[in-house]
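A.B. asks: Below: sequence and its predicted model.
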Amino acid sequence: MNNKRQSVSMLFMLFGILFCVCLIASNVFATKQIAMGEFSVTGGLLVFPISYIINDCVCEVWGYRKVRLLIWIGFAMNFFFTLVGALCDWIPGAPYWTNDQGFHAIFGLAPRVAAASFAAFIVGSFANAYVMSRMKISSNGHRFSLRAILSTVAGESADSLIFFPLAFWGVIPLSEIPVLMFMQVVLKTAYEIVVLPLTIRVVRWVKAYEGEDVYDEGVDYNVLKIFNF
């Protein structure tokens, strides 16, 4: 066994913690609609794109195997948080508790929306990682900015194509779904572009600090091989 490949560094662990926090926070923040000019978006937009930036950073530095592990850890932690929140929402409140409605608005996620969210996250995250990994090989490690943007477009497109139809078909007018999907991709990609200078600096520093710059030559892209990292 390659002990180095089967271990994780302190920096990877910190990235993983931030990744999980962003996913969980996006669920909570998504319960509020915020105005951005003429458009309304969920508060989750403030933090969810950070998960794609972390996805890019981890894939660029440590490779697809490590980002595969990260995605499944994020999925498990998000699922656990959602499950416990739903359980707490279901248990009757104390006699003096007067905020059932507010608590339910945050943690009473409909099963249909939750299932759509989890499916979209898995597909979108792995699409992002796959594009990032394959483009790094084909470009011989160059053009990180282009790879980061295109992988985000791929991931967010897959996420939107799954989430909005599954979550809102029959709930909102059919004509509104493509608009929501398009705006989701545009706004989150714009987020990636705005913070790209910072992302580049972080990636360069992490590569230098860790002494890692993995190319996924011959890697198995099977998403279920979680512990092959």
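C.D. replies: Arrived safely. Please read all numbers here as calculations on a predicted model, not as lab measurements. Numbering: from 1, shown residues only.

A.B. asks: for the residue of the chain most remote from its centre, helix, strand, or coil?
C.D. replies: Outermost residue of the chain with respect to the C-alpha centroid, by C-alpha atoms, centre = their mean, is Pro95; its distance is 38.5 Å. Three-state call for Pro95 (DSSP: H, G, I helix; E, B strand; the rest coil): coil.

A.B. asks: One more: Val185?
C.D. replies: Going by three-state DSSP: Val185 is helix.

A.B. asks: I'd like to know which elements the strand or helix carrying Ile73 is packed against.
C.D. replies: Using DSSP states H and E, the element containing Ile73 is helix 64-90. Under the contact criterion of 3 or more C-beta pairs under 8 Å, 6 or more residues apart in numbering; DSSP states H and E, helix 64-90 touches helix 10-29, helix 48-62, helix 100-107, helix 111-138. The C-beta positions use only the backbone N, C-alpha and C, and glycine is treated the same way.

A.B. asks: Of those, which is nearest Glu217?
C.D. replies: If you check each of the helices and strands packed on helix 64-90 against Glu217 by C-beta to C-beta, helix 111-138 wins as the nearest, at 6.6 Å.

A.B. asks: quick one, the closest one and helix 10-29 angle?
C.D. replies: In terms of direction (axes from the mean of the first three to the mean of the last three C-alpha atoms, to 10 degrees), helix 111-138 departs from helix 10-29 by 150 degrees.

A.B. asks: Just want the most central residue of this structure.
C.D. replies: Note: the chain centre (C-alpha atoms, centre = their mean) maps to Ser51, 4.1 Å.

A.B. asks: on that earlier part again, which one of the helices and strands packed on helix 64-90 has the lowest average pLDDT?
C.D. replies: Among these, helix 100-107 carries the lowest mean pLDDT, at a mean of 86.

A.B. asks: So Ser40: helix, strand or coil?
C.D. replies: strand.

A.B. asks: For beta bridges, what are the partners of the residue nearest to it when sequence neighbours are not counted?
C.D. replies: Among residues not flanking Ser40 along the chain, Gln33 sits closest, at 5.0 Å (C-beta to C-beta, 6 or more residues apart in numbering). Under the criterion DSSP bridges, Gln33 forms beta bridges with Thr42.

A.B. asks: Settle this for me: Gln33 is touching Val41, isn't it.
C.D. replies: Yes. The criterion here is C-beta atoms under 8 Å, and Gln33 meets it with Val41 at 7.2 Å.

A.B. asks: between those two, who's got more neighbours?
C.D. replies: In this view Gln33 and Val41 are compared by other C-beta atoms under 10 Å, and Val41 has more residues nearby, 18 against 9.

A.B. asks: Can you tell me how far that one is from Leu23?
C.D. replies: 17 Å (C-beta to C-beta, to the nearest Å).
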